[in-house]
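> this is a predicted model, with the sequence first.
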Amino acid sequence: MSRLRGIIPILPTPFTDDGAVDEAGMRRVVSYVLAAGAHGVAFPAMASEFYALTEAERLRLTELIVTEVGGAVPVVGTATATSPQGAVELARAVERAGVDAVMVMPPYVVRDGLPATIRLFERLAAAVDLPLIVQNAPPPLGSAYAPDTIRDLIEKVPQVRYVKEETAPGGQRITRLLTDPPPALEGVFGGAGGRYIVDELNRGALGAMPACELTEVHVRIYELHRAGDVAAARALYNRSLPLLTFQAVFRMDMTKEVLRRRGVLRSSHVRVGAIPLDAVDHAELDALLAEVEDLLIAPVPA
């Protein structure tokens, strides 16, 4: 696999209105992000509601995604679990499913300190023959490790090649990590829904892993920045910010509602922790989407 880079959206988990997994919906999501120019895909992470899925659902959908992507772009699987044993089993399973890299957020219910996290990644490195990505998310689910701690982890477990950094201030953390980086580090991705993507790219990030409802906009921002047209990238970023701010409040309810309106999903159902939009929120979303309508591609039927 070539070096990961660019916009690697976190795919949502489509559900029907009664909460069942919608596999046809997932096929449409994959078709959409590929048509939108995504440089890779990732599943399942927080924007996928990974905490609301059974292990069987995670693995079945990972297999489906690998099949649907068909090698067009890298697929990042995940092995975030509440125990080291669960993480190792998931990592082995997603490797068998055919993913190209494995992203892991350290155990998030009971944290056992940095030595235990290093032992976890050592076990993962011994279990799979794939690049590992450490997801450094903020609490309550993430551990918010300091850059020096992440550097120490990578030096001890060089199979950790990438970092998804989304603990504020993410830009400063990227700069600190990329200053005298450990030799094994291939690069850092931004997260946090793409709300700081220009700052992250200015500081040397390889790309970003946002939610997927505006993938074509994030791809254009990335490509403009990579081509050296930072002013155009910033102008596009400024147009996307009102929607990203809205998404920061309503999270998956907003992502899925946008995808539903765009014809990608049939339902905006969220299994756990829903923040439903009221009538005024829907009207505001109408206005925000109208402002970026010219930037969005037409839905691609699966």
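That came in fine, so what should we check first? Since this is a predicted model, take the numbers as computed values, not measurements. Numbers count the residues shown, from 1 in each chain.
> A274 contacts D253, correct?
Yes. Using CB atoms under 8 Å, A274 is in contact with D253, at 5.8 Å. C-beta coordinates here come from the backbone N, C-alpha and C atoms, glycine included.
> quick check: neighbours shared by these two?
Both A274 and D253 lack any common contact, where contact means CB atoms under 8 Å, 6 or more residues apart in numbering.
> which one of those two has more residues nearby?
Using other CB atoms under 10 Å, the more surrounded residue of A274 and D253 is D253, with 19 against 15.
> find the nearest non-adjacent residue to that one, please.
Nearest residue to D253 in three dimensions, chain neighbours excluded: I275, at 5.1 Å (CB to CB, 6 or more residues apart in numbering).
> quick one, helices of this structure?
With DSSP state H as the criterion, the chain has helices at 23-35, 55-69, 84-97, 113-127, 147-156, 170-178, 197-202, 215-226, 230-261, 279-291.
> out of the ones you listed, the one nearest M103 is which?
Each of the helices of the chain was scored for nearness to M103 using CB to CB, and the closest is helix 84-97 (9.7 Å).
> show the average pLDDT along the closest one.
Mean per-residue pLDDT for helix 84-97: 97.
> next, the angle helix 113-127 makes with it.
30 degrees (axes from the mean of the first three to the mean of the last three CA atoms, to 10 degrees).
> just to revisit the earlier point, which residues touch the residue nearest to D253?
Neighbours of I275 in contact, by CB under 8 Å, 6+ apart: V249, F250, R251, D253.
> okay, now I154: neighbour count?
Residues within reach of I154, counting by other CB under 10 Å, total 23.
> which residues does it contact?
Listed by CB under 8 Å, 6+ apart, the contact partners of I154 are V134, V160, V163, P182, A184, L185.
> separation between the residue nearest to D253 and G6?
As for I275, its distance to G6 is 30 Å (criterion: CB to CB, to the nearest Å).
> over to G228?
Counting by CB to CB, the gap from G228 to G6 is 16 Å.
> got the phi/psi numbers for the residue lying closest to L11 once chain neighbours are set aside?
Sequence neighbours aside, F43 is the residue nearest to L11 in space, at 4.4 Å (criterion: CB to CB, 6+ apart). Here is the backbone geometry of F43 (degrees, to the nearest 10): phi -170, psi 140.
> how many residues are close by F43?
For F43, using other CB under 10 Å, the count is 30.
> touching, it and G77? I think so.
Yes. Judged on CB under 8 Å, F43 makes contact with G77 at a distance of 7.0 Å.
> so what sits against both of those two?
With CB under 8 Å, 6+ apart as the test, F43 and G77 both reach T62.
> any of the contacts of I275 buried? List them.
Using 16 or more other CB atoms under 10 Å as the burial test, these include F250, R251, D253 as buried.
> the second one and L177, how far apart?
Plainly put, R251 is 26 Å away from L177 if you go by CB to CB.
> Throw the helices of the chain into CSV and include distance to E49, thanks.
Shown next, in CSV, are these (distance: least, CB to CB, whole Å):
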stretch, distance to E49
helix 23-35, 13
helix 55-69, 10
helix 84-97, 16
helix 113-127, 23
helix 147-156, 26
helix 170-178, 22
helix 197-202, 23
helix 215-226, 18
helix 230-261, 6
helix 279-291, 20
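> of the ones you listed, which approaches F189 most closely?
helix 197-202 (8.0 Å).
> so what does the closest one touch, helix or strand wise?
Here helix 197-202 touches helix 170-178, strand 187-190, strand 207-208, helix 215-226, helix 230-261, going by 3 or more CB pairs under 8 Å, 6 or more residues apart in numbering; DSSP states H and E.
> JSON lines for these, including mean pLDDT?
Output for the helices and strands packed on helix 197-202, formatted as JSON lines (pLDDT from 0 to 100):
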{"stretch": "helix 170-178", "mean pLDDT": "96"}
{"stretch": "strand 187-190", "mean pLDDT": "97"}
{"stretch": "strand 207-208", "mean pLDDT": "98"}
{"stretch": "helix 215-226", "mean pLDDT": "98"}
{"stretch": "helix 230-261", "mean pLDDT": "97"}
